[in-house]
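J.: this is a predicted model, with the sequence first.
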Amino acid sequence: MSANISQARRYREMVRFEFKRCPPPPDSNPDKAFRRHLETLYEEEKKLLSLFVDEHASEAEIRNRKVGLFLISVGLFTYGPLDVAEDILTGIPGGKGQIPRLTWVLNVLLPLPDKLDALTQPILVSEWLKINYHKLSWNESLEIYIFENSDSYQIC
């Protein structure tokens, strides 16, 4: 791998590190295997979280599920699915440390205005996403979101 790795890959590797106790099944293409693993976990975690909410589980149990969904969503976001951004914004874990800072994946991969910060202003970023959702496109080679029909992009 070259020294110029994408920000998406950097965040993907941070999430992969968090999953070291729960690795994806072996595959000839580890990156594709990790994405499939995250997609499977995402579907499972969404169902479990919904079940926990429906069954009035404790706040601690729901919070733990949201942290898991947050981490999975950060990993998936680095592959391009924009729909998981809301799960990142609504699932930011409290406290300090590495996990909450993964929210910055949105700052790095989206063409957000400079003064918007996903970690400290999740509601404003969510509103920005609702306005701009259909204008955004994943640039596969740069591994960032750009505005559709635009050659300009922002790299942080």
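T.: Okay, I see it.
J.: so for the helix or strand harbouring Glu39, what gets flagged as buried?
T.: For Glu39, the host element (DSSP states H and E) is helix 30-54. Buried residues in helix 30-54, defined by neighbour count with 16 or more other Cβ atoms under 10 Å: Phe34, Arg35, His37, Leu38, Glu39, Leu41, Tyr42, Glu45, Lys46, Leu49, Phe52. (Each C-beta comes from the backbone N, C-alpha and C, glycine too.)
J.: quick one: list the elements packing against it.
T.: helix 7-18, helix 59-77 (3 or more Cβ pairs under 8 Å, 6 or more residues apart in numbering; DSSP states H and E).
J.: OK, contacts around Ala8?
T.: When contacts are counted by Cβ atoms under 8 Å, 6 or more residues apart in numbering, Ala8 touches Thr78, Tyr79, Val105, Leu109, Glu143, Ile144.
J.: among these, which lie within strands?
T.: Mapping those onto strands (DSSP state E) picks out Ile144.
J.: picking that back up, could I get the helices and strands packed on helix 30-54 as CSV with mean pLDDT?
T.: Converted to CSV, the helices and strands packed on helix 30-54 look like this (pLDDT from 0 to 100):
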stretch, mean pLDDT
helix 7-18, 84
helix 59-77, 92
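J.: can you tell me how far the spatially most central residue of the chain is from Glu148?
T.: The chain has Val74 as the residue nearest its centroid, 2.1 Å off, counting by Cα atoms, centre = their mean. From Val74 over to Glu148 the distance is 24 Å, taken as Cβ to Cβ, to the nearest Å.
J.: next: Asp87.
T.: 23 Å.
J.: so which of the two has more stuff around it?
T.: With neighbours defined as other Cβ atoms under 10 Å, Asp87 and Glu148 compare such that Asp87 has more, 20 against 9.
J.: following element in sequence after the host helix or strand of the more buried one, please.
T.: Per DSSP H and E, Asp87 falls inside helix 85-90. Past helix 85-90, further along toward the C-terminus, the next helix or strand under DSSP H and E is helix 98-101.
J.: name the helices or strands packed onto that following helix?
T.: helix 59-77.
J.: buried residues, the helix it packs on. List them.
T.: In helix 59-77, residues buried by neighbour count (16+ other Cβ under 10 Å) are 65-77.
J.: save the residues you listed as JSON lines, and put in distance to Asn139 too.
T.: Output for the buried residues of helix 59-77, formatted as JSON lines (distance: Cβ to Cβ, whole Å):
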{"residue": "Arg65", "distance to Asn139": "32"}
{"residue": "Lys66", "distance to Asn139": "29"}
{"residue": "Val67", "distance to Asn139": "29"}
{"residue": "Gly68", "distance to Asn139": "29"}
{"residue": "Leu69", "distance to Asn139": "26"}
{"residue": "Phe70", "distance to Asn139": "24"}
{"residue": "Leu71", "distance to Asn139": "24"}
{"residue": "Ile72", "distance to Asn139": "23"}
{"residue": "Ser73", "distance to Asn139": "20"}
{"residue": "Val74", "distance to Asn139": "19"}
{"residue": "Gly75", "distance to Asn139": "19"}
{"residue": "Leu76", "distance to Asn139": "17"}
{"residue": "Phe77", "distance to Asn139": "14"}
